[in-house]
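J.: need coordinates for the below:
(2 chains)
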Amino acid sequence: MGAKKKYQNRIELLQGTLDMLVLQTLQWGPQHGYGISQAIRLKSGDTLDVETGSLYPALHRLEREGWIDSEWKRSDNNQRVKQYRLTTAGKKQLLSERSRWQTLAAAIAGVLSPVKLL
Amino acid sequence: MRFPFWRRDQDDDLQEELQGHLAMAARDRMERGESRGHAEAAVRREFGNVLLITEVTREMWGWSSLERLWQDVRYGVRLLSKSPAFSVVAILTLALGIGANTALFSVVNGVLLNPLPYRQPDRLVSIYQSQRGFEKGSFSYLNLLDYQQQNRTMEAIAGYRNGGYSLTGNGSAERLRPAMVTADFFRVVGITPIAGRDFTREEDRLGVAPVVILGDEFWKRKFGGSESILGKSIDLDGKPYVVVGVMPSNVVLRTQFPNLSHRDIYTLIGQDTAPYFRKRSAAAGTKAVGRLRAGVTVEQARADFGAIANKLAETYPTSDKGLGITLLSLKEDMVGDVRPALLILLGAVAFVLLIACGNVANLLLARSTARKREIAVRAALGASSTRIVRQLLTESLLLALAGGAIGVFLAALGTSSAQKVLPPGLLPRAGEIALDGRVLAFNFVIACLAGIVFGLAPALKAVNPDLHSTLKEGGRGGSGSRHRTQAAFVVMETAMALVLLAGAGLMVRSLISLWRVDPGFNPHDVVVFGIGMPPGTDYSKPNEVRATVRAMDEQLDRVPGIRSHSLSAGAVPFQSDSGNGFWLENEAKPASADGFHMAETYIVQSGYFTAMQIPILRGRALTAQDNETAPKVAVIDEALADKYFPHENPVGKHLNLREWADGIEIVGVAVHVKQFGLEQDSAQGTIRAEMYLPLLQTKDASFFANLDVVAKGPLPPTVMEEQARHAVQQVNRDCVVFGAQSMDSMIDSDVEMRRLSMILLATFAGLALVLASIGIYGVIAYVVGQRSHEIGIRMALGAQRSDVLRMVLAEGGRMTLLGVAIGLCAALALTRLMTRMLFGVKPSDPATLTLVAVLLSAIALLACFIPARRAAQVDPMRALRYE
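T.: Numbering: from 1, shown residues only, chains lettered A, B, ... in the order given. From the prediction side, this is the model:
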């Protein structure tokens, strides 16, 4: 039962952010699950290591919400891969999540900024 | 978005996707220089629990709940079939409890809940003429006609009564059971003819050619169900009646007399030629049924009829003063008496089910100890508490539904065999008891509820263990709270068993009290049957009729099987009543109907006192000399003597009797006979005074038209009837003898409903006792098993066997005493609901309560004794050796 809680916690904390990161990654073009997790790792300078246990549920959830679409394709080495791409609704969702994130970041920055000594 | 049609496709897709991810990650690592084995192992570790990811991802799809349920069901079935002993015991216990509930509910459903089988039955009402002491009395014909014409709240009302006809001319004379009805009867109730037509209003009077409608049973039996009989006539009492139609033989509107079941024929009341019938003061057993107008309530109808009653009392004070109306819905009239008993029985059987559930819950709790490891492992693998609880509950529901399915069979068996054994007419609408849709739905709901009730506690307990220690220890120990729950269940079971035992005990005592009631006569070997005079007897010539009666009497004297007998008109105890008004010699003749003193009149011969063995307290009984030539005499009963001649000897005094004679001399005082029933006779308001008059002193010869014979003899009723028939037909071939019933059986049927309730309640109490004892045995045995290690240590440290015995018995004793104490409090509160069903004993009767408390404690302690002995015989070496 401890193991389950771990996953839930992870998902809960990052759910909004993970969604946003996935959507953002897909803006650069369709990608499969492994590719998305690599892209996020690279782009974040190895800081964000997305747990696969969070990634795949997120991908399927996003697909259910209609923000991404999936398709089975043949990769270069003839392996069947499931590729995801951003939908129009997904683009809108990405924009709204980005603006929410910016508001949140600005708010936190405001709290953290050094006290100006007069 | 592509939606795969089958779930399996989705599954496979996901697996492929995840495997693909793993493969790509491994390849990347290998490209960076790791060996294949190393890369794959690392990737797998990094990836995490594939199963869990699959699970969580699946959840995103939203298929889950149904999937999970099916998974749980399959797993549950597999698990239960692995422990067959447990499953069988649990299922059978539940089947008993659920089956008993279903059976009783099918009775409640058929009798109380189902609508009556007539058109719009909730608009039907029963109407009776009431008078002081007799609420559901009969209408006289003229009064009935007035009510029909003057009421404003009914669409129509109709009267019905019993009667008797002799069918002649078609083989040997046969006595028919008719119902006499008014023309509207079938229309009011809402029944259409099976063949031919209904009566018309125009036919319902004198001077019209008599018509008859056949009952369908008689029609099939006598005329083969052929429609050729329509339009032909049959001879009833010597007169031709034209057959105009066929109607159902059973139009049951009440369980008591007149009960329209198995009626051979229907004739019209308005065509009754008996002279006394048209007197406003003559009530010939006619009751009424009515159909309310749309939108009218029972209260409004009651007020309406009450107003008419008042008007009639003013207009006809001699006959109608003091007469009122009793009006109630037909359904209430039919089942109102039986409803309280049925509801109490329903409550009782619910207790039995709860006890059964308690036992199964304890079984599950004991079993969950053994399953602790399994559950701990599942939790460690990632199952949530809810999931585990849900799975355990599914198992419980499976048990319950299996028990319910078997319970349906048990219920069907129970109700069908009961219906064969029950006397007819005991339960109203007994023919409508069946396992219909509502009953099956009830069974299903009860099974589900039971499953939740007994499954919840063990399930919740199962998910609370300390994971770590459970996995380490291998499942031992830590059973403290489980034991407390089990003990709590046993205490509740004991309490409920006590309540049921108390109820049963009270009923048993009621019945014993009732049996002890002296009816005032000796019913053993006494048979009552009816004699119909030959059709065409001229009742305007009383001497001729008396001669026939005398001849019949002489013939009956000669029958070897009849030791003593008496012809009787008037009342017959437990069968029919016949009240008459009288006044004392120092009183003026009362001007109106309600001014008379009322007494039950028995018009009998001297043999009556011998046959019935009614003791005479003062003076003498009637003798053969008290005939039409002798002075008018009467024997009164002690109730009449006490009420109207207190502190004096009534023998030698005189009184006057309506429609009989003035100046009747009282020649004797007899013991009071319980005319209306062993219990009802003492109820307020029933006529208690009784009077015996000599048969041959009747002025009006039409009294002889319907005679009863009360005969004492050792042979069975049918044989005596046959012998009497043979004897009487020597006098006239067209005399009929019919309807033999033993007095014993008439008294039996008086207490029948109570006896049925007692048997049922005692059965439930017995079941409860057995189940509760098994429950307490089970818990103690379980505890002993769990603590055998501890017992071994104690014994090694010096405890004696008797100490161990005492310890275990104390454990059981505590539970029992607590249960009995709670049960006594509950019994004191609940038995009060039974007051109406009891006789001669208070609901809080201390003797009964003490007896059942002691009985239950003794049996419970006995149940503890067996495992206690086993505990005391534990070999300490063995117990210590095996962990």
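J.: pull the number of nearby residues for residue B:551.
T.: Neighbour count of residue B:551, defined by other CB atoms under 10 Å in any protein chain shown: 14. Every C-beta, even on glycine, is put in place using the N, C-alpha and C of the backbone.
J.: for residue B:272, same thing?
T.: Number of residues near residue B:272 (other CB under 10 Å) recorded here: 18.
J.: now it: closest residue in space, sequence neighbours ignored.
T.: For residue B:272, ignoring the flanking residues on the chain, the nearest one in space by CB to CB, 6 or more residues apart in numbering or on different chains is residue B:180 at 6.7 Å.
J.: residues contacting residue B:525?
T.: Contacts here follow CB atoms under 8 Å, 6 or more residues apart in numbering or on different chains; on that basis residue B:525 touches B:712, B:713, B:714, B:742.
J.: whichever residue of the stretch 751-883 of chain B sits closest to chain A: neighbouring residues, count only.
T.: Relative to chain A, the nearest point of the stretch 751-883 of chain B is residue B:786 (26.1 Å; CB to the nearest CB). Residue B:786 has 17 neighbouring residues, counting by other CB under 10 Å.
J.: that one against residue B:482, yeah?
T.: No. The criterion here is CB atoms under 8 Å, and residue B:786 misses it with residue B:482 at 9.0 Å.
J.: what touches both of the two?
T.: Common neighbours of residue B:786 and residue B:482 (criterion: CB under 8 Å, 6+ apart): residue B:369.
J.: interface residues of chain A facing chain B?
T.: Residues of chain A lying near chain B by CB under 8 Å from any CB of the partner chain: A:1, A:3-4, A:7, A:32-34, A:38, A:51-53, A:56-57, A:60-61, A:63-64, A:66, A:69-72, A:79-82.
J.: quick one: residue B:829 from residue B:95, how far?
T.: For residue B:829, the distance to residue B:95 equals 30 Å [CB to CB, to the nearest Å].
J.: an error on my part: the question was meant for residue A:22.
T.: Distance from residue A:22 to residue B:95, counting by CB to CB: 55 Å.
J.: quick one: which of those two has more around it?
T.: More crowded of residue A:22 and residue B:95, by other CB under 10 Å: residue A:22, with 27 against 24.
J.: residue A:57 is in contact with the more buried one, correct?
T.: No. If you go by CB under 8 Å, residue A:22 and residue A:57 don't touch, sitting 11.4 Å apart.
J.: rewinding a little: the strand or helix carrying the residue nearest to residue B:272 pairs with which strands, and in what direction?
T.: Of the helices and strands defined by DSSP states H and E, residue B:180 is found in strand B:178-181. When pairing is defined by DSSP bridges, strand B:178-181 lines up against strand B:154-162 (antiparallel), strand B:265-268 (parallel).
J.: next helix or strand past the first one?
T.: Taking DSSP H and E as the definition, the helix or strand that follows strand B:154-162 towards the C-terminus is strand B:165-168.
J.: closest to residue B:435 out of the strands paired with strand B:178-181?
T.: With CB to CB as the criterion, residue B:435 lies closest to strand B:154-162 of those, at 32.3 Å.
J.: which stretches of the stretch 351-500 of chain B have low pLDDT?
T.: Scanning the stretch 351-500 of chain B with the threshold set as pLDDT under 70 gives B:382, B:423-426, B:464-481.
J.: helices and strands around the host helix or strand of residue B:78, which ones?
T.: Using DSSP H and E, residue B:78 maps to helix B:64-82. Under the contact criterion of 3 or more CB pairs under 8 Å, 6 or more residues apart in numbering or on different chains; DSSP states H and E, helix B:64-82 touches helix B:84-108, helix B:385-421.
J.: ok, which stretches of chain A are helices?
T.: Here chain A has its helices, by DSSP state H, at A:2-27, A:33-43, A:52-65, A:88-112.
J.: ok, residues contacting the last one?
T.: With CB under 8 Å, 6+ apart as the test, helix A:88-112 has contacts from A:16-17, A:19-20, A:23-24, A:26-27, A:62, A:65-68, A:86.
J.: roughly how far out does it sit from the chain middle?
T.: Distance of helix A:88-112 from its chain centroid, counting by CA atoms, centre = their mean, to the nearest Å, is 13 Å.
J.: leaving out sequence neighbours, find the closest residue to residue B:306.
T.: Spatial nearest neighbour of residue B:306, chain neighbours left out: residue B:325 (5.7 Å); criterion: CB to CB, 6+ apart.
J.: give me the contacts around stretch B:222-235.
T.: For stretch B:222-235, the surrounding residues in contact (CB under 8 Å, 6+ apart) are B:167-170, B:195-196, B:212, B:214, B:216, B:219, B:240-246, B:535.
J.: going along the chain, name the strands of the stretch 301-450 of chain B.
T.: Taking DSSP state E, counting those that start in this stretch, the strands of the stretch 301-450 of chain B run over residues B:324-329.
J.: got a quick ChimeraX command for the buried subset of the contacts of stretch B:222-235?
T.: What follows is the ChimeraX syntax for the buried subset of the contacts of stretch B:222-235, where burial is set by 16 or more other CB atoms under 10 Å in any protein chain shown:
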select /B:167,168,195,196,212,214,216,219,241,243,244,245,246,535
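J.: show me the contacts of stretch B:222-235 that map onto strands.
T.: Under the assignment DSSP state E, those contribute B:167-168, B:195-196, B:212, B:214, B:240-246 to strands.
J.: which member of the residues you listed is positioned nearest residue B:514?
T.: For those, the residue nearest residue B:514 by CB to CB is residue B:167; the value is 40.0 Å.
J.: could you measure from the nearest residue to the closest one once chain neighbours are set aside over to chain A?
T.: Nearest-residue entry for residue B:167: residue B:174, 4.6 Å, with adjacent residues in sequence omitted and distances by CB to CB, 6+ apart. According to CB to the nearest CB, to the nearest Å, residue B:174 and chain A sit 83 Å apart.
J.: residue B:611: how many residues sit nearby?
T.: Under the neighbour criterion other CB under 10 Å, residue B:611 is assigned a count of 28.
J.: quick one, what contacts it?
T.: Going by CB under 8 Å, 6+ apart, residue B:611 touches B:526, B:563, B:564, B:565, B:566, B:710, B:711, B:712.
J.: which element is it on?
T.: Assigned by DSSP H and E, residue B:611 belongs to helix B:607-612.
J.: ditto for residue B:602
T.: Judged by DSSP H and E, residue B:602 forms part of strand B:597-604.
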